[in-house]
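Student: Sequence first, then the predicted structure, then my questions.
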Amino acid sequence: MTETTDSSTEHLIWEADARRLRTARKRAGLTQAQLADRLRVQQQAVSHWETGKVGVPYRAKVVVAELVGEDPNAIFPPAPFDDAAAPVSPALFTLAQAADYMGVSESTVKKLWQERRLTGVKVGRLVRFRPEHLDEYIERNTLPRLR
């Protein structure tokens, strides 16, 4: 999504992604709580995504696509009215994409990289992030949910 996207356009994208997420989750035979367990988030987060209250994070899109055996771009296509829309599965993430994928702020990703707790790839003067490095960080630093 571009920075010039207004809130009404953003909300339309959230609503479309919400419907796609709910459909794919049900196709995978999962409840919201089961999907939340797989993503290591609260069930309330999945509920907010599915009602369009907040946008669906990149990581959730990828996990749901894997669960139903489809390409994330097939389930969550870029918005047709967003000229700068990139596919869901880039080889390297920008800072903003990494933050969205991890469900944290851009400043948190930047801080983790500066502290060398998160691996980044220098591309000229910019830093990019590989999805597998983000997944490794998430796995190392996420506590199992208590029942």
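Tutor: Arrived safely.
Student: Could you tell me how many residues sit around residue 62?
Tutor: 19 (other C-beta atoms under 10 Å). Using the backbone N, CA and C atoms, a C-beta is placed for each residue, glycine as well.
Student: Contacts made by the helix or strand harbouring it with the rest, please.
Tutor: For residue 62, the host element (DSSP states H and E) is helix 58-68. By C-beta atoms under 8 Å, 6 or more residues apart in numbering, the residues outside helix 58-68 that reach it are 17, 21, 24-25, 27-28, 30, 35, 38-39, 41, 46, 49, 71-72, 74-76, 88-89, 93, 97, 100-103, 131, 134, 138.
Student: what's the span of stretch 37-54 from first residue to last?
Tutor: 19 Å (C-alpha to C-alpha, to the nearest Å).
Student: And the one helix or strand in the chain whose mean pLDDT sits lowest, what does it pack against?
Tutor: Least confident helix or strand, the chain: strand 121-123 with a mean of 78, by mean pLDDT, DSSP states H and E. Other elements packing on strand 121-123 under the criterion 3 or more C-beta pairs under 8 Å, 6 or more residues apart in numbering; DSSP states H and E are strand 126-128.
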